[in-house]
Structure formats: structure tokens, C-alpha cells
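Trainee: Need a 3D model of the sequence below.
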Amino acid sequence: MTAPLLTARPGAGSGFPTLLGKELLRFWKVSFQTIAAPVITAVLYLVIFAQVLQDRIQVYGTVPYTAFLIPGLMMMSMLQNAFANPSSSLIQSRVTGNLVFVLLPPISHREFFSAYVLAAIVRGLAVGTCVWLVSLYFSTMPIKHPLWAMVFAFLSCGIMAILGLIAGLTSEKFDQLAAFQNFLIMPATFLSGVFYSVHTLPPFWQLVSHWNPLFYTIDGFRYGFFGVADVSPWQSLAVVAGVFTLLATYALRLLGSGYKLRT
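Mentor: Presented below is the predicted three-dimensional model:
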């Protein structure tokens, strides 16, 4: 039978700032691996695809392919890194046996959730910002709706951060976490329209794409850049916000019950 995480005592200092600082410092200390490496990977994708397809494909009638590709690569990098931060932190703590030091302080499950998710969002946004700054060398198209772009960036990183938290809680070995990444996260990311508009797909695959929640994260984010998208930005926002809420509710229930944390 599992026991819930401890709830902070009234008047006691909150452990949230310390746990958040720990998670931020954890990825910042190895920023060459956690930030620079994903940026280099995204730039390589941009260089290769832009070189091959720039003069052959134009999207939405007026958007050059290189410009179209940049928001997709930004979002792909943000999603993957937001997922990686809490999942790798929890699985490493579980394998090395130091997870107990996170659980001993009087920290509530909501604080636990918030610290891991916010740190993952920060990492995702940092990577996405760096990709965008480097991509200005290739294309300098203005962002038409920056608020839309920021909302989708934050919610999308939040979705993947929560998924990473759930994966870290449910995985007991690195192999299980790798299966989660290889068979769920990577296919959903690459099939979400990073490199193409779903309108170019046959009807069946368009239907499949519309059942992929990550499609709406990228499509809504692109709307923030170009003011056009494959579906209505309000529809994308409703899907993304709904998925975020459902996953957050589920993750909080897991944490509140102490699932695989305390026996």
C-alpha cells in the first residue's frame, strides 16, 4: 500500500524553492549537453532540409520552406527537452537511491509537481530560444503573433514536462524510460508536422495527424509566427489546454498517492 507524500506543516518553510533550484541547477551545470547539443541538432536539420528543399517547396502560398521549418524545429527541441528533464532526473534518483532525500523534507505533492514541471519548462524554453536566435541567420521573418507563440510554447513544454514526470514515476529502469521515449515520444513528435504541412498528406494520414496532440502544439506555435495554420488556433489551444489539464490532474493523483515513491 502506498502512502502520500508529506504535506508541508503550517508555518514550516516550503521546500519548493530548493527543489526548483536543484532541478534548474541540474541541467544548467551540464548546459553543453542539455542546451547546446539540442540546438546543434536542430541547426543541422535546418541546414540539411533547407539546402535540399528551399527552392522546391513553399507552404501556405507565401511562406518559404526554411521559415516554415524553424518553428517546427523549435517546438520539436522544446518538447524533447522538456520531457527529458524530469524523466531523467527521477530515474537517476531512483537508480542511484537518492530519491529518498527529495522525499524526506516536508514538501507537498503539489510543490513536488510544480518544481519538476517548471524546471522542465525553463529548459524547454531555453533550448527553443537558442534555436530561434541561431535560426535568425537563415531567416528573419517577423513573428506576427508573439503572444500566441508564447502561450503555445509554455503549454506545450508543460505537457511534455508532465509526461516526463509520469514516465519518471512509472519507470523503474533506464530501459523502460527508453521504451517510452522511442515508441511514444519520438514517433508522436516526428509525425506532428515538424517538417511538413499535414495538408500535403493523403486523407488517411491527415486524419491520423489530427488525433496526435503534438500536432496541435506545433500548428498553434506556427500560427504565432505566420498568422496562418492548418487548423484554427483556437481549436489547437483548446486541445493543448485540455491535454495539459488532464495530464496535470493524473500526475497530481499519482504524486498524491505516493505511487512508486513510498511503499
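Trainee: by contact count, what packs against the host helix or strand of Gln80?
Mentor: Assessed by DSSP states H and E, Gln80 sits inside helix 65-96. On a contact count with 3 or more Cβ pairs under 8 Å, 6 or more residues apart in numbering; DSSP states H and E, helix 65-96 meets helix 16-28, helix 37-53, strand 58-59, helix 109-135, helix 146-170, helix 174-180, helix 186-190, helix 213-226. Backbone N, C-alpha and C define where each C-beta goes, glycine included.
Trainee: Thr217: what's it in contact with?
Mentor: 75, 79, 152, 155-156, 159, 192, 236, 240 (Cβ atoms under 8 Å, 6 or more residues apart in numbering).
Trainee: any idea how far it is from Val240?
Mentor: Distance, Thr217 to Val240, by Cβ to Cβ, to the nearest Å: 6 Å.
Trainee: low pLDDT regions in the stretch 51-200 of the chain?
Mentor: Across the stretch 51-200 of the chain, the stretches falling below the confidence threshold (pLDDT under 70) are 53-61.
Trainee: rerun that using 80 as the cut-off
Mentor: 51-63, 97-106, 140-141, 190, 197, 199-200 (pLDDT under 80).
Trainee: C-alpha coordinates for stretch 94-103, CSV please?
Mentor: C-alpha atoms of stretch 94-103 as CSV (Å, rounded to 0.1, in the frame of the first residue of the first chain):
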residue,chain,number,x,y,z
ARG,A,94,15.6,6.1,-8.3
VAL,A,95,18.5,4.1,-9.7
THR,A,96,21.2,5.7,-7.5
GLY,A,97,18.9,5.5,-4.4
ASN,A,98,19.0,9.2,-3.5
LEU,A,99,15.3,9.8,-4.2
VAL,A,100,14.7,9.5,-0.5
PHE,A,101,16.5,12.8,0.1
VAL,A,102,13.9,14.5,-2.0
LEU,A,103,11.0,12.8,-0.2
